[in-house]
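Visitor: my questions are about this predicted structure, shown below with the sequence.
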Amino acid sequence: MEVGVLALQGDFAEHIAVLKRLGVTGREIRLPEQLENINGLIIPGGESTTLSRLMTIYNLREPVAEMAAQGRAVWGTCAGMIMLSREITENDPVPLGVMDIGVQRNAFGRQVDSFEHTLDVSALGPDPYHAIFIRAPLIIRVGEGVDVLCALDPDRPVAVQQGNLMATSFHPELTNDYRFHSYFLELAGRN
Ligand code: GLN
């Protein structure tokens, strides 16, 4: 199995390192044709305004949206989640609009940009999940076909799944707990 990691900006190397630990090749994706033979795509965290501009320049917006629409697995973490959303609360960046969620960027304020939180994620089993949030976005609207995987409280979901698509506000690639990556590999394996 080969999983692509969008490597235009942000912490793609950390995702590739986790994939390697799980015995999977992570391929750096910078060109549309590189999307062809991968089982799934991870859009990493970083800065969504920059990511959005680079995706336009590298002609990746349409092919990634198409990949998502075809039912292939795509996972966005943090800035990557912003890119997958249907709408955000600002005009910039312009998201890809493939997941039926609304997102607010930098939703946890400037002073408390980063924090860690223990979450219950039943899809990953009974052990609590320790999540790292860095200038994180929040999901403020969840569409009908979207499942909430975990939330800070009932009004604040932070990980969601819509069939083949997954989005997390936090950064599983910065922890030693690889359960989110394993879960995504299951989605990618179904293609
Ligand atoms: N705050 C960033 C943004 O809006 C996301 C931060 C992150 O990916 N860790 O794009």
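Guide: Done, it's in.
Visitor: give the rounded mean pLDDT of the helix or strand hosting residue 41.
Guide: Element membership for residue 41, per DSSP states H and E: strand 40-43. In this model, strand 40-43 has a mean pLDDT of 98.
Visitor: hmm, it touching the ligand?
Guide: No: using C-beta under 6 Å from any ligand atom, strand 40-43 stays clear of the ligand, with a minimum separation of 9.9 Å. In short, each C-beta sits where N, CA and C put it, glycine included.
Visitor: give me the contacts around whichever helix or strand comes after that strand.
Guide: Using DSSP H and E, the helix or strand that follows strand 40-43 in sequence is helix 48-57. Contact with helix 48-57 is made by 6, 8-10, 43, 60-61, 64, 79-80, 82-83, 92-96, 105, 137, as judged by C-beta atoms under 8 Å, 6 or more residues apart in numbering.
Visitor: what's the weakest-modelled helix or strand in the protein?
Guide: The helix or strand of the chain with the lowest confidence, counting by mean pLDDT, DSSP states H and E, is strand 114-119 at a mean of 95.
Visitor: if we can go back for a sec, buried ones among the contacts of helix 48-57?
Guide: With burial judged by 16 or more other C-beta atoms under 10 Å, the buried subset of the contacts of helix 48-57 is 6, 8-10, 43, 60-61, 64, 79-80, 82-83, 93-96, 105, 137.
Visitor: looking at these, which are in helices?
Guide: 61, 64, 79-80, 82-83 (DSSP state H).
Visitor: those residues: which two are farthest apart?
Guide: 61 and 79 (14.7 Å; C-beta to C-beta).
Visitor: helix or strand for the residue minimising distance to the centre of the chain, which one?
Guide: Geometric centre of the chain, nearest residue: residue 76, 1.4 Å, by C-alpha atoms, centre = their mean. Under the criterion of DSSP H and E, residue 76 resides in strand 73-77.
Visitor: ok, residue 133 next?
Guide: Element membership for residue 133 (DSSP H and E) is strand 129-134.
Visitor: that strand near the ligand anywhere?
Guide: Yes: residues of strand 129-134 are located near the ligand by C-beta under 6 Å from any ligand atom, namely residue 134.
Visitor: which parts of stretch 114-125 are buried?
Guide: Under 16+ other C-beta under 10 Å, the buried positions of stretch 114-125 are 119, 121, 124.
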